[in-house]
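> Quick one: sequence and predicted model below, then my questions.
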Amino acid sequence: MSRSIFLRRVNLSGLSPCKIGLTLGKTPCRSGFGKLSTDRMMFNYPTRWVCLLFSLLFVVLFTSAQEQRYRDAIFSKIEKDIYTYSDTLKLDFYTSKVDTAIKRPLLILVHGGGFAIGKKDNPLETGFCTTMAKKGYAVASISYRLTRKGKSFSCDCPTNEKMETFLSVSEDILRATQYLVDRADDLKFDKDNIILVGSSAGAEAVLNTAFMQFRHDFRTLPYEDLKFSGVISLAGAVLDVDYITQKNTVPTMLFHGERDNLVPFTTAAHHYCKETAPGYLVLDGSKTIADKLEVLDTSYTLVFDPEGNHDWANLPYSYTDMISRFVKKSIIDGEHHQTKIKVSSKK
């Protein structure tokens, strides 16, 4: 024996609180549907089936609310494929083989190491790429020409050689990007939604690649029709913020320690070299970049540590939740945010 259950007509849109009236009838249920009115529907299904239906609905809605693509981990297994994009230069491509999405944002990671050391598959880089791929992104980590291998990139490195290094790495980033774009359909990512990510030397490289396109010495690089939808910099700087304009500005996330003694937080000489040093080269750091984006009314998030140093070239690799929130809101959804977040690496 079961009881009739009455469901009042409700508005379920937006998952807002709903007034669902469940009224137990006093008469035995009959087979089929009961009476229908414009204000109330009576179902004569057994109570246990209705309860089961609501339980399943709750699970679906709860799961959907808890797991959001590009914010949360939605895949458990990620695989890596290795491609040669130019001569001996390779890239690692991270993805879930069961992902059916075909227009995913692509993150391209450029490792640090003073343009002399570092690898695309170091533990920090591998962990970051895997974590972001689990959230549903297509992710690539690239190698590039280490033109300063066995050499200095500090104050004794002539300025013209520093510029040659910057140009060399930007060229490699563009060639790797073009290689991926040419295979966008097969790799299932959106070629109009490519986000550059870089650490230290890699951060300088991605910032210069994204924003120095119209500087005279960068005009010779193979930009073709390549465009970037965002930049994430881990302790980086750019050659000159005056080249960031309405034509090339994009949402940018910047991590930096104010006491970084290698890459300036504001505007200062690279490695704080003296004006008389061969390697004297003024760069605009994260704070100066954020100020310029503020004027241009471009979305940005500046994450800064007043006591932090160049450790912030690596620390943000563990800030994947914060990074994915920025990408989802400011780049994918196009929301406008200009935010400064004060943090501390001290425990």
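Nice, I can see it.
> Next, the distance between the ends of stretch 103-114.
With Cα to Cα, to the nearest Å as the measure, stretch 103-114 spans 34 Å from end to end.
> where's it relative to the chain centroid, distance-wise?
9 Å (Cα atoms, centre = their mean, to the nearest Å).
> again with stretch 210-228
With Cα atoms, centre = their mean as the basis, the mean position of stretch 210-228 lies at 21 Å from the chain mean.
> Nearest spatial neighbour of Pro278, chain-adjacent residues omitted?
For Pro278, ignoring the flanking residues on the chain, the nearest one in space by Cβ to Cβ, 6 or more residues apart in numbering is Pro158 at 4.7 Å. Heads up, the C-betas are built off the backbone N, CA and C, glycines and all.
> May I ask you to confirm that Ala277 is in contact with Asp156?
Yes: with contact defined as Cβ atoms under 8 Å, Ala277 reaches Asp156; the gap is 7.2 Å.
> So which of those two has more stuff around it?
Ala277 (18 against 12; other Cβ atoms under 10 Å).
> Just say helix, strand or coil for that one.
At Ala277 the chain is in coil, as set by DSSP: H, G, I helix; E, B strand; the rest coil.
> Let me know the secondary structure of Ser330.
helix.
> so where's the stretch 51-200 of the chain shaky on pLDDT?
51-66 (pLDDT under 70).
> Tell me the buried residues in the longest strand anywhere in the chain?
In terms of residue count, the longest strand belonging to the chain (DSSP state E) is strand 189-199. Of all the residues in strand 189-199, those buried under the rule 16 or more other Cβ atoms under 10 Å are 189-191, 193-199.
> Next, format those residues as TSV and append distance to Leu283.
Formatted as TSV, the buried residues of strand 189-199 follow (distance: Cβ to Cβ, whole Å):
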residue	distance to Leu283
Phe189	31
Asp190	31
Lys191	30
Asn193	28
Ile194	24
Ile195	22
Leu196	17
Val197	19
Gly198	14
Ser199	16
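> Out of those, which comes closest to Arg215?
Leu196 (16.8 Å; Cβ to Cβ).
> so what's that closest one up against?
Contacts for Leu196 (Cβ atoms under 8 Å, 6 or more residues apart in numbering) come out as 108, 110, 173, 206, 209-210, 228, 230-232.
> any idea how far it lies from His271?
Leu196 sits 23 Å away from His271, taking Cβ to Cβ, to the nearest Å as the criterion.
> cool, Ile195 as well?
For Ile195 relative to His271 (Cβ to Cβ), the value is 28 Å.
> Then Gln246?
Gln246 is 32 Å from His271, by Cβ to Cβ.
> if you count what's nearby, which of the two comes out ahead?
His271 (22 against 8).
> can you confirm that one is in a helix?
Yes: according to three-state DSSP, His271 belongs to a helix.
> what about the helices in this structure?
Secondary structure of the chain (DSSP state H): helices at 47-66, 123-134, 159-181, 184-187, 201-211, 286-295, 320-326.
> Output those as TSV; include the columns mean neighbour count and distance to Asp217.
TSV is the format used below for those (neighbours: other Cβ atoms under 10 Å; distance: least, Cβ to Cβ, whole Å):
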stretch	mean neighbour count	distance to Asp217
helix 47-66	11	49
helix 123-134	20	28
helix 159-181	20	6
helix 184-187	13	29
helix 201-211	28	10
helix 286-295	20	20
helix 320-326	19	30
